[in-house]
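A.B. asks: generate a structure from the sequence data that follows.
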Amino acid sequence: MGGNPRKKHFWQPILNKFNARLIAWKGRFLSLAGRICLIKLVFTTLPIFYLSFFKAPASVCKSITSIQRRFLWGWGKDNRAISWVSWENLCKSKDEGGLGLKNIRKFNYALLAKWRWCLVSEEIGKWRHARFVWEFAQEEDLLRVISEVNLNKKVNDVHVWGREKTRLFTVKSMYECLVNDVSGTHVALFKHFWKSKAMPNVLITASRVLMDRMPTRVRLIRRRVATNTSSCAMY
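C.D. replies: Model prediction:
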């Protein structure tokens with residue numbers, strides 16, 4: 001905790017843990033659905049402690065995403081693998097045709113926003129006597145935005161989070177807010193598609209077919225991948 005979070009070497013323990021998990025798993029026979037499940041459960045939870053307190057440099061977010069992508073498409077191997085679906089699309093919600101994976105950079109912002117919310121929603125100094133240096137800038141940013149809102153002077157001022165029915169801040173709703181700012185509109189087809197009771201691997205394969213992201217002969221030729229035969233079950 002005493003290092004400089006702006007330096008990449010501060011985050012090296014997290015990157016080492018990622019690589020250690022890859023070494024343990026890359027030889028196992030996991031389906032695409034299984035690898036996606038591991039990314040959601042493990043690769044997203046490993047860095048939460050660090051991401052909850054510090055803003056990760058862009059290079060660190062890129063490294064984490066690279067490890068996740070390599071595990072998803074290349075089973076963790078060092079050789080270059082074909083990414084059939086862009087990571088940006090994979091990070092979209094399932095209703096938008098994605099797989100609901102986390103965008104590490106936006107997830108980092110959502111986690112840090114929880115501290116900003118605590119600074120303005122609770123009495124200053126009630127929950128902690130001293131603040132970190134980096135928190136002063138965060139508090140100023142949020143207070144600048146809130147100052148533009150007109151409050152009713154006849155009632156006690158209370159900060160509420162409009163994204164939740166409970167009016168309480170949640171990291172989940174903040175992340176959805178950040179993602180939806182750049183995402184497209186929801187597709188009715190996918191909204192009902194993922195409610196099917198089919199096996200996860202079947203659903204993921206079907207979604208790749210709908211998006212035309214299967215390794216067919218035509219798509220392999222477009223990517224300049226040599227095929228040993230002219231016949232292919234999926235042309």
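A.B. asks: could you list the residues in contact with stretch 89-106?
C.D. replies: Contacts to stretch 89-106, defined as C-beta atoms under 8 Å, 6 or more residues apart in numbering, come from residues 36, 39-40, 44, 47, 51, 56, 58, 61, 64-65, 68, 72, 87-88, 175-176, 178-179, 183-187, 190-191, 194, 204, 207, 210-211. Where C-beta positions appear, they are placed from N, C-alpha and C, glycine not excepted.
A.B. asks: looking at this protein, which helix or strand is least sure?
C.D. replies: The helix or strand with the lowest mean pLDDT-type score in the chain, counting by mean pLDDT, DSSP states H and E, is helix 133-146 (a mean of 68).
A.B. asks: for Lys7, give me its contacts.
C.D. replies: Contact analysis of Lys7 by C-beta under 8 Å, 6+ apart lists Pro57.
A.B. asks: local confidence estimate at it?
C.D. replies: Note for Lys7: predicted pLDDT of 87.
A.B. asks: do Asp95 as well
C.D. replies: 79.
A.B. asks: ditto for the one 4 residues further on
C.D. replies: For Leu99, the pLDDT comes out at 86.
A.B. asks: where does it land in three-state SS?
C.D. replies: coil (DSSP: H, G, I helix; E, B strand; the rest coil).
A.B. asks: just to revisit the earlier point, among the contacts of stretch 89-106, which are in strands?
C.D. replies: When the contacts of stretch 89-106 are checked against strands (DSSP state E), there are no matches.
A.B. asks: of the residues you listed, just the buried ones, PyMOL syntax please.
C.D. replies: Selection of the buried residues among these in PyMOL, burial being defined by 16 or more other C-beta atoms under 10 Å:
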select buried, resi 36+39+44+47+51+56+61+64+65+68+72+87+175+176+178+179+183+190+194+204+207
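A.B. asks: show me the contacts of stretch 89-106 that map onto helices.
C.D. replies: Assigned to helices by DSSP state H, the following of these qualify: 36, 51, 58, 61, 64-65, 68, 72, 87-88, 175-176, 178-179, 190-191, 204, 207, 210.
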